[in-house]
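[1] no letters, just coordinates:
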């Protein structure tokens, strides 16, 4: 989900062959940053209930499972004037969690308004 002021945009894309929730979280964050760049946003606050992902980004701690995704995200950060990566409890991330569950349960639905490059 991308929120601009009081307006939220729900973006969904199904990724086949994603082997873990950590990879899915990383891919979703990377695509959200691409979306924000395309919208011309200059400051973003990225919230996730994946503590492992947030720690990897903030501490630049390598995790072999998502090393390339983390590198991509850190390279995208230079496009912004301000970026923060913040952990939030899953209980405060209900809308994004519901969207992720919907994407997982509906494998035949593929909608990618986030990544027009595909």
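    Right, received. Where do you want to start? As the structure is a prediction and not an experimental result, all values here were calculated from the model.
[2] burial count for residue 30?
    Residues near residue 30, counting by other Cβ atoms under 10 Å, number 20. Glycine gets a C-beta too; all of them are placed from N, C-alpha and C.
[3] SS state for it?
    helix (DSSP: H, G, I helix; E, B strand; the rest coil).
[4] what residues are up against it?
    Going by Cβ atoms under 8 Å, 6 or more residues apart in numbering, residue 30 touches 69, 72, 73, 76.
[5] mind checking how far it is from residue 91?
    25 Å (Cβ to Cβ, to the nearest Å).
[6] then residue 65?
    25 Å.
[7] more neighbours: which of those two?
    Using other Cβ under 10 Å as the criterion, residue 65 and residue 91 rank with residue 65 on top: 15 against 8.
[8] give me the phi and psi angles of the residue nearest to residue 25 when sequence neighbours are not counted.
    Counting by Cβ to Cβ, 6 or more residues apart in numbering, residue 50 is the residue found nearest to residue 25 once chain neighbours are left out, at 4.3 Å. Here is the backbone geometry of residue 50 (degrees, to the nearest 10): phi -100, psi 100.
[9] I'd guessed residue 50 sits against residue 22; true?
    Yes: if you go by Cβ atoms under 8 Å, residue 50 and residue 22 touch, sitting 6.4 Å apart.
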